[in-house]
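Participant: 3D model of this:
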Amino acid sequence: MSARALTQIKYVGADDPSHGETSCEECPIRYRAVCAHCESDELARLEGIKFYRSYEPGQAIVWGGDQMDFVGSVVSGVATLTQTLEDGRTQMVGLLLPSDFLGRPGRSTATYNAVATTKVVLCCFRRKPFGEMMNRLPSLSRRLLEMTLDELDAAREWMLLLGRKTAREKIASFIAIIARREASMHMRSPGGRTEIELPLTREAMADYLGLTLETVSRQVNALKRDGIIELHGKRGVVLPDFARLVEESGDDADGGWIS
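Facilitator: Numbering: from 1, shown residues only. This is a model prediction of the structure:
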């Protein structure tokens, strides 16, 4: 049986106590997701068409080229975006983190493979009703445009990271990106002593950063030896001083490139 045939999608409905009864006002990504600019009455309209789906680690959310009849925001968890070449090789091209948007209202097929790395919960909308809602709610389309432009900026920064940074800077940059996103979920800035959970294995990090597994392991251990990070378990990382990590990444405090 093919991998696609083995993929099982679990629907989370109103009988799920952790998500089925969660109102938009109480959602953990309320002020970062596509609905961030919506007023209470607009949220109520979205609430009427939303539904949840959850995916276990390793499960495919969608395969590139397949029909995609929904769009949605990541409520919790992490997924990878990959693209498969004609000869079967696969390249990781991005990550989906909490509040990130998956799918395009005007496109019926998926561009990339999206696979859950951890347990993922999506707040979903059927593609056609969501597109109609965008036409009626300017705040929704405006926020989606903002997110698209932010994603474009992030893609340009990633090109800089892959093309110009050293292996050590790449690892430090990746950890800093995860720390910033984790902090933003709690409406704060990263700083002081911070603990995060890396969403990728070292092998997946190597693929994502264009490095070898050996290089990733060597640079992670070097950052640990130099006191920039501490390691807890397989993916736990403690940052004693976030500013020191930023210095190692070659960025300034706001994430920009230091010339």
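Participant: need the nearest residue in space to Ala155, chain neighbours excluded.
Facilitator: Gly94 (8.0 Å; Cβ to Cβ, 6 or more residues apart in numbering). No exception for glycine: its C-beta is placed from N, CA and C like everyone else's.
Participant: for the one you found, helix, strand, or coil?
Facilitator: Put simply, Gly94 is strand when judged by DSSP: H, G, I helix; E, B strand; the rest coil.
Participant: distance of it relative to Ser108?
Facilitator: Shown here: Gly94 relative to Ser108, a distance of 21 Å by Cβ to Cβ, to the nearest Å.
Participant: need the pLDDT of Gly210.
Facilitator: pLDDT recorded at Gly210 is 88.
Participant: I'd guessed it sits against Gly163; true?
Facilitator: No: in this structure, Gly210 is not within contact of Gly163 by Cβ atoms under 8 Å, at 9.2 Å.
Participant: ok, the two, which is more surrounded?
Facilitator: Neighbours were counted for Gly210 and for Gly163 using other Cβ atoms under 10 Å; Gly210 has more, 14 against 8.
Participant: show me what contacts the more buried one?
Facilitator: Gly210 makes contact with Leu162, Lys170 under the criterion Cβ atoms under 8 Å, 6 or more residues apart in numbering.
Participant: tell me the phi and psi of it?
Facilitator: phi 70, psi 40 (degrees, to the nearest 10).
Participant: quick check: buried residues in stretch 54-63?
Facilitator: If you call a residue buried by 16 or more other Cβ atoms under 10 Å, then stretch 54-63 has these buried ones: Ser54, Tyr55, Gln59, Ala60, Ile61, Val62, Trp63.
Participant: okay, how far is it across it, tip to tip?
Facilitator: Stretch 54-63 has an end-to-end distance of 16 Å (Cα to Cα, to the nearest Å).
Participant: the closest residue to Ile49 other than its chain neighbours: how many residues sit nearby?
Facilitator: In this structure, Ile49 finds its nearest non-sequential neighbour in Pro129, 5.1 Å apart by Cβ to Cβ, 6+ apart. Counted with other Cβ under 10 Å, residues neighbouring Pro129 total 15.
Participant: A helix includes Pro129, no?
Facilitator: Yes: according to three-state DSSP, Pro129 belongs to a helix.
Participant: I'd guessed it sits against Gly48; true?
Facilitator: No: proximity of Pro129 to Gly48 does not meet the contact threshold set by Cβ under 8 Å, at 9.4 Å.
Participant: mind giving me the packing neighbours of the helix or strand encompassing Arg218?
Facilitator: Assigned by DSSP states H and E, Arg218 belongs to helix 213-225. Under the contact criterion of 3 or more Cβ pairs under 8 Å, 6 or more residues apart in numbering; DSSP states H and E, helix 213-225 touches helix 167-185, helix 202-209, strand 230-232.
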